[in-house]
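Trainee: Predicted model follows, preceded by the sequence.
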Amino acid sequence: MRTNQPVCVTGASGFVAAHIVRELLERGYRVRGTVRNAVQAGKYGFLTSLPGAGERLELVGADLLTAGAYDAAVAGCDIVIHTASPYLVNVADPQRDLVDPAVKGTLNVLQSARSAGVRRVVLTSSIAAICDEPVEGKVLTEADWNERSSLERNPYYFSKVSAERAAWKFVDERAAGFDLVAINPFMVVGPSIGPGLNVSNAIFRDLLTGVFPAIMNLAWGFVDVRDVATAHVAAIEHVDATGRYICAGDVLTMKEVIAILRDAGYGAGSKLPRLPLTSPIGDLAIKLLSYTQPRGSGSYLRTHVGKVMRYDNGKIRRDLGVHFRPARESLLAAVADLVRWGHVKPPLQGPSREPPSATASTP
């Protein structure tokens, strides 16, 4: 589906979006990226310094909640990749801070795409739109929908499923004129192109700095941010791409993540948790303690401690040819990147393996 027209990437300065911009530029695309506010000289140097950016990257300001704000951004584009959406766990007002920006922002972008005659929109959704709480023995597929989250229960999850449902409803009911593809990643980690600390990589900082007092019975499905970027670009290049795509690789427990960090030399001088609370009694203790936490964190702990989310990523591998890096590789790249940007201190003893660079190619 490659054309000479620019690809619009919303929220271009974000963790995932910046990698999408990088990959599009590497493949010779023209890119028009939107950022939250008016473009300020030097603020987005990590984007404008990417190879090819000088000739083929344009940045424009657009506000998610302003109707028509994306009209100029998508004008003349065949493709829109919509990534802009808040990723926060704890907020003062979930409706105002999470749901409204996610849903209204998505609808604003889709309306602009419809008016501009865009041919395809790729939406960055989430595994949160597929499942709220892991169910024992259940293997998730793209046919599953999160039907349990609410403003009180996992509000971030609720914002993601609300936004994706609104997008599909828009396409079904408004003669959109474009086809929609949704990418549904799990825990996105890896090296960051910009200096900001994203919520997923912040888990490793919190592990290393003592925020987690114990080893909890939690598990995450990891996916490298570079593989997520590849999936988005594949979704615009494969004409027959359709529907939703679970985008996640290995599942690791917190215990396994901590073991990887220690093995790589990050244990010395850090505050990695040592106390195991991974038994049924430990699970109960964590759930009781969750009521002392902010609403988002507490709700997440109560619905995820002691459970493992399973999923089938066969569709994205078959349809889009996406392959996933081993979680260990992505995890170590993420932590090395936290050191590089100054979010955590370097290990007292060096890692046993050199993590990949931020621009490493997908295997």
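Mentor: Thanks, I have it.

Trainee: Please count neighbours and contacts with C-alpha atoms only from this point.
Mentor: Noted.

Trainee: Which parts of the stretch 201-350 of the chain are helices?
Mentor: Assigned helices in the stretch 201-350 of the chain, in chain order: 225-237, 254-263, 280-289, 295-304, 314-320, 327-340 (criterion: DSSP state H, counting those that start in this stretch).

Trainee: Please produce JSON lines containing those, extended by mean pLDDT and distance to L24.
Mentor: Shown next, in JSON lines, are the helices of the stretch 201-350 of the chain (pLDDT from 0 to 100; distance: least, C-alpha to C-alpha, whole Å):
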{"stretch": "helix 225-237", "mean pLDDT": "97", "distance to L24": "7"}
{"stretch": "helix 254-263", "mean pLDDT": "94", "distance to L24": "31"}
{"stretch": "helix 280-289", "mean pLDDT": "89", "distance to L24": "43"}
{"stretch": "helix 295-304", "mean pLDDT": "86", "distance to L24": "34"}
{"stretch": "helix 314-320", "mean pLDDT": "97", "distance to L24": "16"}
{"stretch": "helix 327-340", "mean pLDDT": "94", "distance to L24": "21"}
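
Trainee: which one of these lies closest to A143?
Mentor: A143 sits nearest to helix 314-320 of all these, at 11.2 Å, using C-alpha to C-alpha.

Trainee: what sits up against that closest one?
Mentor: Here helix 314-320 makes contact (C-alpha atoms under 8 Å, 6 or more residues apart in numbering) with A231, A234, A235, H238, A241, Y245, I246, C247, V322, H323.

Trainee: Apply 7 Å and report the result again.
Mentor: Residues from elsewhere that reach helix 314-320, judged by C-alpha atoms under 7 Å, 6 or more residues apart in numbering: A234, A235, H238, A241, Y245, I246, C247, V322, H323.

Trainee: Can you give me the neighbour number for the last one?
Mentor: The tally of other residues near H323 (other C-alpha atoms under 10 Å) stands at 19.

Trainee: ok now do it, which residues does it touch?
Mentor: The contact partners of H323, by C-alpha under 7 Å, 6+ apart, come to R317.

Trainee: Relative to S192, how far out is V80?
Mentor: Distance, V80 to S192, by C-alpha to C-alpha, to the nearest Å: 22 Å.

Trainee: For the residue nearest the centre of the chain, which residues are in contact?
Mentor: Most central in the chain under C-alpha atoms, centre = their mean is V188, positioned 4.9 Å from the mean C-alpha point. V188 is in contact with S200, F222, V223, D224, V225, counting by C-alpha under 7 Å, 6+ apart.

Trainee: which of those tops the neighbour count?
Mentor: D224 (30 neighbours).

Trainee: Does that residue have any beta-bridge partners, and if so which?
Mentor: V189 (DSSP bridges).

Trainee: Offset the numbering so it begins at 321, please.
Mentor: Yes, from this point I'll number from 321; that puts the last item at D544.

Trainee: Distance check, it against V327.
Mentor: Distance from D544 to V327, by C-alpha to C-alpha: 22 Å.

Trainee: what does G437 give?
Mentor: 13 Å.

Trainee: Between these two, point out the one with more neighbours.
Mentor: Per other C-alpha under 10 Å, whichever of G437 and V327 has more neighbours is V327, with 26 against 17.
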